[in-house]
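Participant: no FASTA, just this:
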């Protein structure tokens, strides 16, 4: 049985700004950061840290216990590693066959295997959303730009497409412009998907002077919501702007926004919107 009350957090830090956002929100609450080699790309030198490969499951657990952690949070992006070059310890090797079998079903199945491993070790698995904004992500509009009717129609279709690929455990995101599906997210991730969109002819997507198209990000219906919630930040807005898109649509309490003030400023600067829709 996992703990429901915890005293010290172990933060498994992958790529991007989300781990730092959690550390910022933690204030004086004690946190030990396990920097995941090959994925973490921010400076954690000021914090209490250890460094491990994602395959060193036993080593990670040992570090967390030595640091006095009784809870763990997974934050930041981690892609499927190359097992032929991945450093693994004994516990990682024992878990590997279950992870490989789960991987044939999709990424969320792998996540569940990993989460179960840490719960079986006695740690409470804490969602990043519970450590950030106390008010969650309510429905409404972020920024000063309002979507027009075409944008709203694209948002509806993009959310439908994202739900369908999520049902199949493919990805969390989709881009629709003027009713046309321009891209869906798979293993490449949101950034690479947006780069593909930016490479399309401007007649299909929008432009800086005539923005068109909406990025949707939403949890998979089968999502383990304590891990891998859809996340956007300033970089996401910048990439959407570079692709000529008009905005982003998210699900209320189904996504994370890193640096909301920075996101709001970037939206207003580029003339984009973020629409947060009620969960359906």
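Facilitator: Great, that's in hand. Just so it is clear, the model here is predicted, and its values are computed rather than measured. Residues are numbered from 1 along each chain as shown.
Participant: partners of the nearest residue to residue 128 once chain neighbours are set aside in the sheet?
Facilitator: In space, and not counting its chain neighbours, residue 128 is closest to residue 75: 5.0 Å by Cβ to Cβ, 6 or more residues apart in numbering. In this view, the C-beta of every residue, glycine as well, is placed from N, C-alpha and C. Here residue 75 sits in beta bridges with residue 13, going by DSSP bridges.
Participant: which residues does residue 75 contact?
Facilitator: Counting by Cβ atoms under 8 Å, 6 or more residues apart in numbering, residue 75 touches 11, 12, 13, 14, 18, 19, 22, 128.
Participant: surely the first one forms part of a strand?
Facilitator: Yes: according to DSSP: H, G, I helix; E, B strand; the rest coil, residue 11 belongs to a strand.
Participant: surely residue 126 touches residue 9?
Facilitator: Yes: taking contacts as Cβ atoms under 8 Å, residue 126 lies within contact range of residue 9: 6.7 Å.
Participant: shared neighbours of those two, which are they?
Facilitator: Here residue 126 and residue 9 have 71, 72, 73 as joint contacts, going by Cβ under 8 Å, 6+ apart.
Participant: save these as TSV, and put in neighbour count, pLDDT and secondary structure too.
Facilitator: What follows is the shared contacts of residue 126 and residue 9, written out as TSV (neighbours: other Cβ atoms under 10 Å; pLDDT from 0 to 100; DSSP: H, G, I helix; E, B strand; the rest coil):
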residue	neighbour count	pLDDT	secondary structure
71	22	96	strand
72	25	97	strand
73	25	96	strand
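Participant: moving C-terminal of whichever strand or helix holds residue 93, what's the next helix or strand?
Facilitator: Assessed by DSSP states H and E, residue 93 sits inside helix 90-103. Sequence order places helix 107-120 as the next helix or strand after helix 90-103, per DSSP H and E.
Participant: what lies in contact with the next helix or strand after that following helix?
Facilitator: Toward the C-terminal end, the helix or strand that comes next after helix 107-120 (DSSP H and E) is strand 124-125. By Cβ under 8 Å, 6+ apart, the residues outside strand 124-125 that reach it are 2-6, 70-74, 115, 118-119, 226-227.
Participant: what subset of those is buried?
Facilitator: The neighbour-count test (16 or more other Cβ atoms under 10 Å) applied to the contacts of strand 124-125 identifies 70, 71, 72, 73, 74, 115, 118, 226, 227 as buried.
Participant: tell me which of these is nearest to residue 278?
Facilitator: When the buried ones among the contacts of strand 124-125 are ranked by distance to residue 278 (Cβ to Cβ), residue 226 comes first, at 21.7 Å.
Participant: my read is the closest one is in a helix, agree?
Facilitator: No: counting by three-state DSSP, one finds residue 226 to be coil, located in no helix.
Participant: count the residues that sit near residue 158.
Facilitator: Around residue 158 there are 26 other residues, counting by other Cβ atoms under 10 Å.
Participant: close enough to count as contact, it and residue 172?
Facilitator: No: in this structure residue 158 lies outside contact range of residue 172 using Cβ under 8 Å: 11.5 Å.
Participant: and this protein, what are its domains?
Facilitator: Taking automatic domain parsing as the reference, the chain has its domains at 9-131, 140-277.
Participant: which of those domains is buried the deepest?
Facilitator: Comparing the domains of the chain by mean neighbour count (mean count of other Cβ atoms under 10 Å), domain 140-277 comes out on top with a mean of 19.
Participant: tell me which residues touch residue 180, please.
Facilitator: Counting by Cβ under 8 Å, 6+ apart, residue 180 has contacts residue 204.
Participant: quick one: the closest residue to residue 48 other than its chain neighbours from residue 236, how far?
Facilitator: Nearest residue to residue 48 in three dimensions, chain neighbours excluded: residue 32, at 5.1 Å (Cβ to Cβ, 6+ apart). Between residue 32 and residue 236 the distance is 28 Å, computed by Cβ to Cβ, to the nearest Å.
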